[in-house]
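# what shape does this take:
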Amino acid sequence: MTKLRRYKTHRLFHRTSVLDGIGSIINIPGNYFDFNYSNSGEEADRKAIENDWGVVGDDIRKAAKKTNDELLQLQD
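Take a look at the predicted model:
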């Protein structure tokens with residue numbers, strides 16, 4: 001079985017918490033958050049579109065598995 005790639009809905013931006021927000025207020029140099037950078041706009045677009053469709057594919061796989069499991073339960 002091949003390992004599936006994990007896609008995220010927040011690939012370009014750092015997920016923050018309340019404590020991260022409080023810490024960023026105190027941060028004077030301004031380098032508190034780390035972002036995912038790309039070499040060009042086209043590369044960033046490609047990565048974002050690939051990731052978006054990957055999330056859609058993950059949702060379809062989960063729905064198909066759930067439907068299959070429910071059908072197998074009905075057969076028992």
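# can you list the low-confidence ranges for the protein?
Along the chain, the model assigns pLDDT under 70 to residues 1-5, 7-16, 24, 27-36.
# kindly recompute the last result at 50.
Applying pLDDT under 50 to the chain picks out no residues at all.
# what ranges do the strands span in this structure?
For the chain, no strands are identified by DSSP state E.
# biggest helix in it by residues?
Ranked by residue count, the top helix of the chain under DSSP state H comes out as helix 41-75.
# which parts of that one are buried?
For helix 41-75, a neighbour-count test (16 or more other C-beta atoms under 10 Å) marks 51, 54 as buried. Every C-beta, even on glycine, is put in place using the N, C-alpha and C of the backbone.
# tell me what that helix is packed against?
Helices and strands touching helix 41-75, as assessed by 3 or more C-beta pairs under 8 Å, 6 or more residues apart in numbering; DSSP states H and E, are absent.
# relative to residue 20, how far out is residue 62?
29 Å (C-beta to C-beta, to the nearest Å).
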